[in-house]
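>>> Sequence below, structure please.
(2 chains)
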Amino acid sequence: MNKILIGLLLGALLGAIDGGTAWFTPAVRGMIVGIIFGSTIKGLIAGIAAGFFARKVKSVPLGILFGLGVGFLLALLVAIKQHGYYFEIILPGSIVGMIVGWATQRYGYAPAAAQRA
Amino acid sequence: MKFLSDKALDRLRGSGVPDLSGTRYQLRELIAHGGMGVVFAAEDEKLNRRVALKILDAAGTNAELAGRLIREAHILAQLEHPGIVPVHDVGTLPDGRVFYTMKFVEGLRLDQYLKQLDSLPQRLRLFLRICDAVAFAHARGVLHRDLKPANIMVGSFGEVLVMDWGLAKILQENPSDETVLVAMKESTSGEDTQSTVVTGHGTVMGTPGYMSPEQERGETEKIDARSDVFSLGALLKFLAAGTIQPGGEKLPRALRAICEKSMAAQPQDRYIGVSELATDVSRFIDGLPVSAYSENAFEKLGRFYQRHQIAILLITAYLVMRFLVLYFFRR
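Predicted coordinates for the structure are as follows:
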């Protein structure tokens, strides 16, 4: 499996699980489907970005750092749009980014052309 | 044509300096002097390159020894592998001595190079490259029988070369040839080789500690790939612990078990071949269970944690973060 596909699948899965934890917050439980959908898309985008990064840069610490950055940025955008829940969205979202960043470095193969570049 | 007198020939032979006149080689310095032969650095004038020239010692010049040296060259010529020093030429010098030339390896002996390798995985990866070369030789039906740090060279670009195939044995050959082969030993180090004389099969020479028990006892008919496995086990122990003496640096249990299995007194208790040994070492490097050691549940857990440390830490961080967020920001 290539790194982008790993990032995409893992990002989407972790995003969905992360979104699902909103169920524990009674105030937003009614919007759970929308939250899971949005969180899945967020994780998916972070995963693809981390996958592309892993194709170009072979370094676990940098991969984790990149995942953290992308996760943070996307979560920040979502939180701004929500006008609140900054910690609830940004903190776990950033760690999900780190996990995806690590996984794309650790697993999957990069195409030969990308490795040469 | 001018012929040298017998007296002149004897003088040349006695001096130990080979007469390279009429050959394509120019003699440079002495590299090593062993029990029966000498290795010189020489310049190949035709190809304009430096080679190592191995020649019988003057004192050992006779038809039997000459045959052994030629045979060693022939064995090496069959083993074309990046981890085995290649032979370039074989012939007879004007003074009647047989020689062969091989690649001149610039680098360090394994025991000297070891100081440059800090981490255990680095040392084990180097060991795997030695295994590659030996496994290749075994696949071609050749046993080395004198694997030790002094016979492994690491080149200036990190290339690993198994040297000194003077004790090599061709599997499934006529057992009567064995007597000739086992006596053919020459050390490039000259300092750590000790010989042991045994049995009616012939003279067995090798290095105590690296030589398998059956080899030490001179049971040449019992020598097979597992004898080299024993030597590789000793090499592995040397690489990992810095010594082959008991009570050296403390090794991880699984690695110690690999060494012990390789160096078992009975051949049937050792790895069946070099590939099996290499697989176990490779699995150890990757943090996987090895066939030589059965772990208990705690060790399995510890290995799992070591192997997936970053993932476990990240997932734990996520769960802790989620818990804290839910606890402190619950609305």
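>>> what's B:Val290 in contact with, if anything?
With contact set as C-beta atoms under 8 Å, 6 or more residues apart in numbering or on different chains, B:Val290 has these partners: B:254, B:257-258, B:280, B:283-284. (C-beta placed from N, C-alpha, C; glycine too.)
>>> Top of the residues you listed by number of neighbours, please.
Neighbour counts for these peak at B:Ile258, which has 27 neighbours (criterion: other C-beta atoms under 10 Å in any protein chain shown).
>>> So that residue is in contact with B:Arg283, correct?
No. Using C-beta atoms under 8 Å, B:Ile258 makes no contact with B:Arg283, being 9.4 Å away.
>>> All the strands of the chain, residue numbers only.
No chain in the question, so chain A it is. For chain A, no strands are identified by DSSP state E.
>>> Switch to chain B, please.
Counting by DSSP E, the strands of chain B are B:25-33, B:37-44, B:49-56, B:87-92, B:98-103, B:107-109, B:142-143, B:152-155, B:160-162, B:169-170, B:194-195, B:205-206.
>>> looking at these, which is closest to chain A?
strand B:160-162 (24.3 Å; C-beta to the nearest C-beta).
>>> The contacts of B:Val290 into TSV, with extra columns for distance to chain A and pLDDT?
Converted to TSV, the contacts of B:Val290 look like this (distance: C-beta to the nearest C-beta, whole Å; pLDDT from 0 to 100):
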residue	distance to chain A	pLDDT
B:Ala254	22	93
B:Ala257	28	95
B:Ile258	26	96
B:Asp280	23	96
B:Arg283	18	95
B:Phe284	19	94
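>>> before we move on, the earlier item: any chance of CSV for the strands of chain B, columns distance to B:Phe328?
Listed next are the strands of chain B as CSV, based on distance: least, C-beta to C-beta, whole Å:
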stretch, distance to B:Phe328
strand B:25-33, 72
strand B:37-44, 74
strand B:49-56, 72
strand B:87-92, 74
strand B:98-103, 69
strand B:107-109, 59
strand B:142-143, 69
strand B:152-155, 57
strand B:160-162, 57
strand B:169-170, 73
strand B:194-195, 72
strand B:205-206, 70
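>>> worst average pLDDT in those strands?
Among the strands of chain B, strand B:194-195 has the lowest mean pLDDT, at a mean of 38.
>>> thinking again about what came up before, could you work out the most separated pair of the contacts of B:Val290?
Spatial extent of the contacts of B:Val290 (C-beta to C-beta) is set by the pair B:Ala257 and B:Arg283 at 12.0 Å.
>>> Just the residues contacting stretch A:24-37, thanks.
For stretch A:24-37, using C-beta under 8 Å, 6+ apart, the contacting residues are A:16, A:19-20, A:22-23, A:85, A:88, B:326, B:330-331.
>>> ok now do residue 92, which residues does it touch?
As the question left the chain open, I've gone with chain A. Contacts of A:Pro92 (C-beta under 8 Å, 6+ apart): A:18, A:21, A:75, B:318, B:321-322, B:325.
>>> ah, no, chain B please
B:Thr92 neighbours (C-beta under 8 Å, 6+ apart): B:66, B:98-99.
>>> Who wins on neighbours among those residues?
Going by other C-beta under 10 Å, B:Phe99 tops the contacts of B:Thr92 with 25 neighbours.
>>> Cross-check the contact I'm expecting between it and B:Val51.
No. Applying C-beta under 8 Å as the test, B:Phe99 and B:Val51 come out as separate, 10.5 Å apart.
>>> sorry, back to before: let's see which of the contacts of stretch A:24-37 end up in helices.
Among the contacts of stretch A:24-37, the residues falling in helices (DSSP state H) are A:16, A:19-20, A:88, B:326.
>>> export the residues you listed to TSV and tack on distance to B:Gly166 and neighbour count?
What follows is those, written out as TSV (distance: C-beta to C-beta, whole Å; neighbours: other C-beta atoms under 10 Å in any protein chain shown):
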residue	distance to B:Gly166	neighbour count
A:Ala16	66	16
A:Gly19	70	24
A:Gly20	69	14
A:Glu88	73	24
B:Leu326	72	14
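>>> From A:Ile4, how far out is the nearest residue to B:Ile31 once chain neighbours are set aside?
The spatially closest residue to B:Ile31, leaving aside those adjacent along the chain, is B:Val39, at 4.5 Å (C-beta to C-beta, 6 or more residues apart in numbering or on different chains). Separation of B:Val39 from A:Ile4 (C-beta to C-beta, to the nearest Å): 54 Å.
>>> Would you map the helices across the chain?
Here I'm looking at chain A. According to DSSP H, the helices that chain A contains are A:3-20, A:32-56, A:60-82, A:86-106, A:112-116.
>>> Please refer instead to chain B.
Going by DSSP H, chain B shows helices at B:6-15, B:63-78, B:110-113, B:120-139, B:175-182, B:213-216, B:225-241, B:253-262, B:274-285, B:297-307, B:309-328.
>>> Pipe the contacts of B:Thr92 into a markdown table and attach distance to chain A per row.
As requested, the contacts of B:Thr92 are exported to a markdown table (distance: C-beta to the nearest C-beta, whole Å):
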| residue | distance to chain A |
| --- | --- |
| B:Ala66 | 51 |
| B:Val98 | 48 |
| B:Phe99 | 45 |
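>>> ok, how many other residues are close to the residue of the stretch 1-150 of chain B found nearest chain A?
Closest residue of the stretch 1-150 of chain B to chain A, C-beta to the nearest C-beta: B:Pro121 (15.3 Å). B:Pro121 has 12 neighbours, counted by other C-beta under 10 Å.
>>> unless I'm mixing things up, it is touching B:Phe284, no?
No. B:Pro121 is not in contact with B:Phe284 according to C-beta under 8 Å; the separation is 9.2 Å.
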